[in-house]
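K.L.:
The following comprises the amino acid sequence and a computationally predicted model.
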Number of protein chains: 2
Amino acid sequence: MITLTGCSSGNTDISEEIISLEKAALEKWNRGDIYGYLDLYAEDIVYFDPMIDKRMDGLQKIKEYYESWEGEINVTECEMIDPKVQAVKDMAVLTFNLRSVEGDSLYQWNCTEVYRKDRGKWLIIQTHWSYVKPNIK
Amino acid sequence: MITLTGCSSGNTDISEEIISLEKAALEKWNRGDIYGYLDLYAEDIVYFDPMIDKRMDGLQKIKEYYESWEGEINVTECEMIDPKVQAVKDMAVLTFNLRSVEGDSLYQWNCTEVYRKDRGKWLIIQTHWSYVKPNIK
């Protein structure tokens, strides 16, 4: 179950649709189901997270990367903070902070998702996850 | 002077324009001039970097934040790696990795910039800078 706080946006209809797609994928992810996100990703998606050396390009590579995590995730608390959507007709950027709890660990994230409307369907073409204020060694 | 490696994209004209805007702002930033980016930011820009607690919203807040850095930056080497632009008519996402050297320190970045065309001019509406593989304490 994702808690949602401080939702705001310019274009209500697109915002609600995008946030709802993201929440559904995230809820699956939190239970170890990687296909919520994979089904939302466009073929030309590009991807950043804090575990990889360089931007990852293309659905096939990200699928292989995610497969190692299938069934391995068990997030017990998740709060999407202040999601905001900035949209034009066929592209939209969703940004939010996220607090998630897994086991004894609290993770705090920055997230940017870029959605593009392809043949009437919103798909993610860019994902960027990063840690809030990582303490560099 | 920014070195540019592995440039690729789908829509050549928009890609070249966006990458050229970003490079110009970055070259100014590297010399301590914060106005290259500030002049490219839309009023409704949202912003993430690894030093802040939460997404920062709006040009005014980001201007106040950047002012503390004015004249304080002196990047001597900078390589923008594999910039990629995914665009529709009036919105585009630019992603790249960046290596920059300041004093004795090497910084490695992930970057996502979202541009929107407002009255014929491309402006940044979302910036997300994060460290490549930060080593968490």
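P.N.:
Thanks, I have it. Residues are numbered from 1 along each chain as shown, chains lettered A, B, ... in the order given.

K.L.:
which residue sits closest to residue A:34, ignoring its sequence neighbours?
P.N.:
Distances taken as Cβ to Cβ, 6 or more residues apart in numbering or on different chains place residue A:66 nearest to residue A:34, at 4.3 Å, with adjacent residues excluded. C-beta: built from backbone N, CA, C; applies to glycine.

K.L.:
Which residues of chain A lie near chain B?
P.N.:
Residues of chain A lying close to chain B (Cβ under 8 Å from any Cβ of the partner chain) are A:10, A:44, A:46, A:48, A:50-55, A:57, A:81-82, A:84, A:86, A:88-91, A:93, A:95-97, A:110, A:112, A:114, A:116, A:125-126, A:128, A:130-137.

K.L.:
swap the cut-off to 7 Å and go again
P.N.:
Selection of chain A residues close to chain B by Cβ under 7 Å from any Cβ of the partner chain yields A:44, A:46, A:48, A:50-51, A:53-55, A:82, A:84, A:86, A:88, A:90-91, A:93, A:95, A:97, A:110, A:112, A:114, A:116, A:125-126, A:128, A:130-137.

K.L.:
Mean pLDDT per helix and strand in chain A: which one sits at the bottom?
P.N.:
One helix or strand of chain A scores below all others by mean pLDDT, DSSP states H and E: strand A:8-9, with a mean of 52.

K.L.:
Now do residue A:71 against residue A:33, distance only.
P.N.:
Distance of residue A:71 to residue A:33, given as Cβ to Cβ, to the nearest Å: 8 Å.

K.L.:
oh, I was asking about residue A:101
P.N.:
18 Å.

K.L.:
you'd agree residue A:4 is in a strand?
P.N.:
Yes: judged by DSSP: H, G, I helix; E, B strand; the rest coil, residue A:4 forms part of a strand.

K.L.:
correct me, but it touches residue A:81?
P.N.:
No: Residue A:4 is beyond contact range of residue A:81, at 8.4 Å (criterion: Cβ atoms under 7 Å).

K.L.:
Between those two, which is the more surrounded one?
P.N.:
A count of neighbours by other Cβ atoms under 10 Å in any protein chain shown puts residue A:81 above the other of residue A:4 and residue A:81, at 18 against 14.

K.L.:
State the pLDDT value of that one.
P.N.:
If you check residue A:81, the pLDDT there is 98.

K.L.:
got a list of what it touches?
P.N.:
Residues near residue A:81 by Cβ atoms under 7 Å, 6 or more residues apart in numbering or on different chains: A:5, A:6, A:96, A:97, A:98, A:99.

K.L.:
again, but for residue A:96
P.N.:
With Cβ under 7 Å, 6+ apart, residue A:96 has these contacts: A:80, A:81, A:82, A:83, A:111.
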